[in-house]
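Student: Please find the sequence and the predicted model below.
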Amino acid sequence: MTDKFQSDVDISFLKADTLEAAKRLLGLEIITRVGDEVTSGFITEVEAYLGVNDKAAHTFGGRRNKKNEMMYKPYGHIYVYTMHGHNCMNFLTTEGEPEGILIRAVEPNMGIDVMKERRGRDINLTDGPGKLTKSLGIKRSEHNGMELNNGVLIVRHGRTPANILSTPRIGIDNKEEAVDYPYRFIVEGNPHVSRFKGKAAANNGWK
DNA sequence: ATTCAGATGGCCT
DNA sequence: GGCCATCTGAATG
């Protein structure tokens, strides 16, 4: 268990309830290995997408197509889609419902130099859904539909949030009543989240 | 500090 | 052709 690329997390909590699972993801460390380069970050921001009843979800009303096909896999799988030329990653939840959790931001931990190289800049490496996938080397061609902890991407116990804040989701202004659902969860006071303003909390909001 | 237009690429209509 | 669960740099105040 001292292997940095071996999971120590029982991901069965993803099976039960998407909103609860979203909060429990905060603080977990996502680790990727591409070739011999290992990069990782602690999850600081997530958004839940509640499937067929959620107008903001790709699977609203049971929509099913080439892009969202992997959303219909069971919990513990990864859904990666591209938009505007960027990759975004979700962890799937439940069995039988096309629900998932968008990973919107992480706090960089391992392999920061590699992330800087992949991103072509030294700051703002992982504070957005398209940024973190680029920093961690996550590609649709290699990660879409894969299972967590199978060798390309694992989660490990990381840190514990001191406080969790919920807000409306970002970037879904055209989704009618769903724009107001408080399905975005962040580690309060952590600066590595989208649109961060103000001052970082003590210890970046971790216990 | 905040706002905004343009880039961007895959997939749907 | 048009739509996005986005990002960036430039232009503002």
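Tutor: Sure, I can see it.

Student: what about the residue in chain A that DNA strand C sits nearest to, is that helix, strand or coil?
Tutor: Residue nearest to DNA strand C within chain A (Cβ to the nearest atom of the strand): A:Gly171, separated by 2.1 Å. C-beta: built from backbone N, CA, C; applies to glycine. Three-state assignment for A:Gly171 (DSSP: H, G, I helix; E, B strand; the rest coil): coil.

Student: What separation is there between it and A:Arg63?
Tutor: Distance, A:Gly171 to A:Arg63, using Cβ to Cβ, to the nearest Å: 18 Å.

Student: distance between stretch A:56-73 and the chain's centre?
Tutor: 17 Å (Cα atoms, centre = their mean, to the nearest Å).

Student: ugh, wrong one, stretch A:104-120
Tutor: On Cα atoms, centre = their mean, the centre of stretch A:104-120 falls 14 Å from that of its chain.

Student: Pull out the buried residues from that stretch.
Tutor: By neighbour count on 16 or more other Cβ atoms under 10 Å, the buried set for stretch A:104-120 is A:104-109, A:111-112, A:114-115, A:118-119.

Student: Take these and keep only those in helices.
Tutor: Within those, residues falling in helices by DSSP state H are A:112, A:114-115, A:118-119.

Student: Okay, now the unreliable bits of chain A?
Tutor: Confidence mapping of chain A against pLDDT under 70 gives the ranges A:1-2.

Student: Quick check: which helices or strands does the strand ranked longest in it pack against?
Tutor: The residue-count maximum for a strand in chain A (DSSP state E) belongs to strand A:37-49. With contacts defined as 3 or more Cβ pairs under 8 Å, 6 or more residues apart in numbering; DSSP states H and E, the packing partners of strand A:37-49 are helix A:18-25, strand A:29-34, strand A:99-108, helix A:112-119, helix A:129-136, strand A:184-187.
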